[in-house]
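J.: Kindly return the folded structure for what I paste below:
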Amino acid sequence: MNILLSCVGRRNYLVEYFRDELRGNGFVYGSDEASTAPALESCDKSFIVPSSNSKNYIDKLINICIDNNIKVIIPLNDLELLTLAINKKLFLDNGIKVIVSDSKIIEICNDKWKTVKLAKSIGVPTPNSFQNPGQAIESIKQDETSFPLIVKPRLGSASFGLQVVYDVDQLFVAFENCKYLISKSFFANFAEPNSSVIIQSFLEGFEYGLDIFNDLFGKYHGSICKKKLRMRGGETDKATT
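T.: Sure thing, here's the model as predicted:
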């Protein structure tokens, strides 16, 4: 079985993992929009593709898969997940399975405000969260919230636009700056212009990640919890399980 790792970036180790698992019964291909992506050199064959938000991205991936008898796509960048999920049936119609959640799930995971709302609805504790400085300041006046606060995009990745603020003046400056950064970024294609920023309480302590393992049919097989010791570019660089 041939597989394609899309947005392969610098994940050489994943190329090697999949090659070991295939044991010569298929090839590991890789795609990326940057010809300098290091992991492309490790793939059996590599492809330069348009940005995942371009109109011809899906057609390009489908053509690559058809031409190279690729049956499975494993996306490695969260920025392309929604696009692939929306077009999952189109891939299936061409005999290609994309390992990606349904679009409704991805929308919730991508949107920090929707994540907060879901967590509250099922009784999971969340940081105090606000959509504008006025709401945050009112909560501070009521002694429900205190500085420092975190200001960041509702839709974001790899700590893009994240700022920690310690007083009201910093809060307003960070809020406007975050909106500006979003308007000039990839996320402007998806963000709601008047509701693109989220403000949350700053929580101290270790971050934990929970990896959930399902099979290709979505059946749950287990979980691994890791205590994160170091992050790099939004990814866990060092952790204990």
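J.: For residue 185, give me its contacts.
T.: Residues counted as contacts of residue 185 (CB atoms under 8 Å, 6 or more residues apart in numbering) are 160, 161. For the C-beta atoms, the positions are set from N, CA and C on the backbone; glycine is no exception.
J.: Let's see the pLDDT reported for it.
T.: Per-residue pLDDT puts residue 185 at 87.
J.: Now the phi/psi pair for it, please.
T.: phi -110, psi 180 (degrees, to the nearest 10).
J.: Equivalent analysis for residue 235, please.
T.: The phi/psi pair for residue 235 (degrees, to the nearest 10) is phi -110, psi 150.
J.: same deal with residue 200?
T.: According to degrees, to the nearest 10, residue 200 has phi -140, psi 160.
J.: Leaving out chain neighbours, which residue sits closest to it?
T.: What sits nearest to residue 200 in space, not counting adjacent residues and going by CB to CB, 6 or more residues apart in numbering, is residue 127, at 4.4 Å.
J.: try residue 160
T.: Residue 160's closest residue in space is residue 153 (CB to CB, 6+ apart), at 6.4 Å.
J.: looking at it, that neighbour is touching residue 196, isn't it?
T.: Yes: using CB atoms under 8 Å, residue 153 is in contact with residue 196, at 6.2 Å.
J.: list residues touching both of the two?
T.: In contact with both residue 153 and residue 196: 178, 182, 187, using CB under 8 Å, 6+ apart.
J.: Dump the residues you listed into JSON lines; add distance to residue 36, neighbour count and secondary structure as well.
T.: Below are the shared contacts of residue 153 and residue 196 laid out as JSON lines (distance: CB to CB, whole Å; neighbours: other CB atoms under 10 Å; DSSP: H, G, I helix; E, B strand; the rest coil):
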{"residue": "178", "distance to residue 36": "29", "neighbour count": "23", "secondary structure": "helix"}
{"residue": "182", "distance to residue 36": "26", "neighbour count": "23", "secondary structure": "helix"}
{"residue": "187", "distance to residue 36": "23", "neighbour count": "21", "secondary structure": "helix"}
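J.: Pull up the gap between the residue positioned nearest the centre of the chain and residue 203, please.
T.: Closest residue to the average C-alpha location of the chain: residue 78 at 2.9 Å, with CA atoms, centre = their mean. In this view, residue 78 and residue 203 are 22 Å apart by CB to CB, to the nearest Å.
J.: for the residue nearest to the centre of the chain, what are its contacts?
T.: Contacts of residue 78 (CB under 8 Å, 6+ apart): 110, 157.
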